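Visitor: give me a 3D structure for the following:
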Amino acid sequence: MSELPERRVAGQLFAVGEGLFVVRYPLSTALPIPLRLRGGHLLTWAFCGLGPSGADPAALIVFTADAPPESLTVETHFHDLAVTVPPVQAGTDLDPAARAALCPAVLGALTPATLAPLAGMLPLLGGALSALAESRENPSGPRPGLTPTGGTGAILTGSRVPGYLVLRAGARWRCLRIASARLSFGAEPRAVLDLAEAGGPPEGPAEAALLVWPGEIVAAEVRS
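Guide: Next comes the predicted model:
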């Protein structure tokens with residue numbers, strides 16, 4: 001936290017689920033990185049509008065709180081930023097660009113401690129997650145193959161084991177933590193995965209899958 005005076009800015013507050021919120025506020029040219037949040041528990045953050053789209057640059061923070069706050073203080077590496085917000089809006093009011101920016105931020109912030117609250121973001125990000133999966137279908141090497149073996153198991157080709165799987169059945173995405181993996185090597189290495197679920201049971205067979213490592217997201221080919 002800096003010794004510089006606190007700055008103030010008007011933002012927007014969106015309720016995604018019970019106790020789960022997104023705050024959006026204008027982003028200055030200094031690109032101050034959120035470090036901590038007073039008034040809520042910071043889970044992850046993203047910037048949007050920095051490309052040639054013409055949209056106004058904005059910061060997005062996903063956080064939990066007992067109730068919708070009237071203001072938040074964002075501690076950044078430059079200064080503290082006091083964000084005042086009007087009455088809370090529905091999460092569905094977040095525009096597509098914001099949802100697209102939040103996808104890699106949410107997946108990249110998955111840990112055992114954040115899995116349950118961040119899984120609450122998946123219904124809101126469904127369309128953006130599908131677009132993300134399509135954009136990552138051609139990695140530099142062969143696409144990993146994933147064969148679900150029931151609700152809490154799967155077989156993954158290759159010798160790399162992700163920390164999390166994000167699966168889509170129909171229009172619904174759900175997140176699963178890799179609880180354990182049994183690797184076999186040879187001409188066709190593979191891993192037998194035991195999965196711990198967050199976000200409820202599947203509503204049908206998986207149709208798309210994202211594999212999540214720290215700093216990396218890869219689309220897998222779902223096999224039956």
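
Visitor: nearest residue to the middle of this structure?
Guide: Val106 (1.5 Å; C-alpha atoms, centre = their mean).

Visitor: the closest residue to Ala208 other than its chain neighbours: what secondary structure?
Guide: Among residues not flanking Ala208 along the chain, Arg168 sits closest, at 4.2 Å (C-beta to C-beta, 6 or more residues apart in numbering). Every C-beta, even on glycine, is put in place using the N, C-alpha and C of the backbone. Assigned state for Arg168: strand (three-state reduction, DSSP: H, G, I helix; E, B strand; the rest coil).

Visitor: on that earlier part again, can I get the helix or strand that contains the residue nearest to the centre of the chain as CSV, trimmed to CA atoms?
Guide: Using DSSP states H and E, Val106 falls within helix 96-108. Only the C-alpha atoms of helix 96-108 are listed here, as CSV (Å, rounded to 0.1, in the frame of the first residue of the first chain):
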residue,chain,number,x,y,z
PRO,A,96,-19.6,-9.6,-23.2
ALA,A,97,-16.2,-7.9,-23.3
ALA,A,98,-16.1,-7.9,-19.5
ARG,A,99,-17.2,-11.6,-19.3
ALA,A,100,-14.5,-12.5,-21.9
ALA,A,101,-11.8,-10.7,-19.8
LEU,A,102,-13.0,-12.4,-16.6
CYS,A,103,-12.7,-16.0,-18.0
PRO,A,104,-8.9,-16.5,-17.9
ALA,A,105,-8.8,-14.5,-14.6
VAL,A,106,-11.3,-16.7,-12.9
LEU,A,107,-9.7,-19.9,-14.2
GLY,A,108,-6.2,-18.7,-13.4
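
Visitor: that one packs against which elements?
Guide: If you count contacts as 3 or more C-beta pairs under 8 Å, 6 or more residues apart in numbering; DSSP states H and E, helix 96-108 packs onto strand 20-26, strand 41-48, strand 58-64, helix 122-135, strand 208-213, strand 216-222.

Visitor: list of residues touching the top strand by length along the chain?
Guide: Longest among the strand segments of the chain by residue count, using DSSP state E, is strand 172-184. Under the contact criterion C-beta atoms under 8 Å, 6 or more residues apart in numbering, strand 172-184 has outside partners 110, 112, 115, 118-119, 122-123, 125-126, 129, 152, 159, 161-167, 189-200, 202-203.

Visitor: sorry, back to before: so which of the helices and strands packed on helix 96-108 is nearest Ser71?
Guide: For these, the distance to Ser71 is smallest for strand 20-26, at 9.9 Å, taking C-beta to C-beta.

Visitor: orientation of the closest one relative to strand 58-64 in degrees?
Guide: 160 degrees (axes from the mean of the first three to the mean of the last three C-alpha atoms, to 10 degrees).

Visitor: in space, what's closest to Pro69 - neighbours in sequence excluded?
Guide: Distance criterion C-beta to C-beta, 6+ apart; nearest residue to Pro69, sequence neighbours excluded, is Gly39 at 4.5 Å.

Visitor: meant to ask about Cys48, not that
Guide: The nearest residue in space to Cys48 (C-beta to C-beta, 6+ apart) is Ala101, at 3.7 Å.

Visitor: wait, Ala220 touches Leu210, no?
Guide: Yes. At 7.3 Å, Ala220 and Leu210 qualify as touching, with contact defined as C-beta atoms under 8 Å.

Visitor: neighbour count winner among the two?
Guide: Ala220 (27 against 24; other C-beta atoms under 10 Å).

Visitor: how about the contacts made by that one?
Guide: By C-beta under 8 Å, 6+ apart, the neighbours of Ala220 are 143-146, 156, 209-211.
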